[in-house]
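*Asks:* what follows is a predicted structure for the sequence shown.
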Amino acid sequence: MEEHELAIVTWVNELLPGPTIPAHVVMETVVLLAIIVLFSILRTRLSVESPGKFQQAFELFVEFLKEQLEANIGHDGHKYLNIIGTFAIFIVFANLLGLIPGFVSPTSNVNVPAGCAIVVFLYYQYQGMKKQGVLKYLKHFMGPVALLAPLMIPIEVIGHIARPATLTIRLFANIMAEELVITIFFGIVPLLVPLPFMAFAIFGGLLQAFIFCTLTMVYLGGAVATEEH
C-alpha cells in the first residue's frame, strides 16, 4: 500500500502544520499509542487474587522472556527484561499493524528496523563496556593471541558492524514481502484468497519479532560475558 493511499497519513498531514510526515512515522506513532492505551487498561485491571485472561497471557509472555534471557545471557539476564520486552512488544505490534485495512506495518519501511537495530548495537556495546570496563571490553577485539591482533581487530569490527545491518535487512525484507503478497492477492480476490496469507503473516510477524529479540539477547550475552561465566 503506497503512502498516498493511506487515509490516516493524509489526515494527519492535513491536521498538523509543517513538513509532510512520512507514513512510517505516522504508523509507528499509532503503534506506540495503541501500546500505551492497551497497557494502561491492563494496569487498572491487575489482580493477584483473580487475574484476567489478558493478565495471565502477559504473565506467560514475561516468563517466556525471562527463560530466554537466562538461556542466552545467564543468571543476570533478567536485568535486560525491560529493553528486550519493549522491543518484543513494539515489533509484534508494528509487524501486525499492516493486517488492519487502511494501515501499513512501520517495520516494512527500512528506517524503522534500522532504528531498532542501531539502538541494539549501541546498547549492547555500552553494557559490555559497563560490565567489563572499557579497556577489557575492547581487548576482546584483539582475539586470544596477541600476534594475531592486527588480523582479528578488523574482522571483529566488521562483524560487529554487520550485526545491525543483518537485523535491519532480515526484519524489513520479511515484513515488506508479506505485506506485498497480501496487497497483491487482496487486489485480485478481496476476501477469500488473502486469508491464508494473512494467517502466515501473523505467524511471520511473531517469528520475526522472536528472531530479532533472540539475536539481541545473543549479542548482549556475548558483550557482558566474563571468564567466570
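*Replies:* Good, I have the coordinates.
*Asks:* let me know the outermost residue of this protein.
*Replies:* Computed with Cα atoms, centre = their mean, the residue of the chain farthest from its C-alpha average is L147, at 38.8 Å.
*Asks:* how many neighbours does P113 have?
*Replies:* Counted with other Cβ atoms under 10 Å, residues neighbouring P113 total 27. C-beta here means a position set from N, CA and C on the backbone, and glycine is covered the same way.
*Asks:* for the chain, what spans make up the helices?
*Replies:* Secondary structure of the chain, counting by DSSP state H: helices at 7-15, 23-44, 53-72, 81-97, 111-132, 134-139, 149-188, 194-224.
*Asks:* so how far is V224 from the residue farthest from the centre of the chain?
*Replies:* Counting by Cβ to Cβ, to the nearest Å, the gap from L147 to V224 is 27 Å.
*Asks:* circling back: deepest of the helices of the chain, which one?
*Replies:* helix 81-97 (a mean of 20; mean count of other Cβ atoms under 10 Å).
*Asks:* lowest average confidence, helix or strand, in this structure?
*Replies:* Lowest by mean pLDDT, DSSP states H and E among the helices and strands of the chain is helix 7-15, with a mean of 77.
*Asks:* off-centre distance for it?
*Replies:* Remark: helix 7-15 is offset 26 Å from the chain centroid, using Cα atoms, centre = their mean, to the nearest Å.
*Asks:* ok, now stretch 71-83?
*Replies:* Centroid displacement of stretch 71-83 relative to its chain, using Cα atoms, centre = their mean, is 16 Å.
*Asks:* same thing with stretch 12-31?
*Replies:* Centroid separation between stretch 12-31 and its chain, computed with Cα atoms, centre = their mean, is 21 Å.
*Asks:* below-threshold pLDDT in the protein: ranges please.
*Replies:* For the chain, the stretches with pLDDT under 70 are 1-5, 186-194, 226-229.
*Asks:* which secondary structure elements does the least confident helix or strand of the chain contact?
*Replies:* helix 23-44 (3 or more Cβ pairs under 8 Å, 6 or more residues apart in numbering; DSSP states H and E).
*Asks:* got the angle for the helix it packs on vs helix 111-132?
*Replies:* Orientation check (axes from the mean of the first three to the mean of the last three Cα atoms, to 10 degrees): helix 23-44 against helix 111-132 gives 60 degrees.
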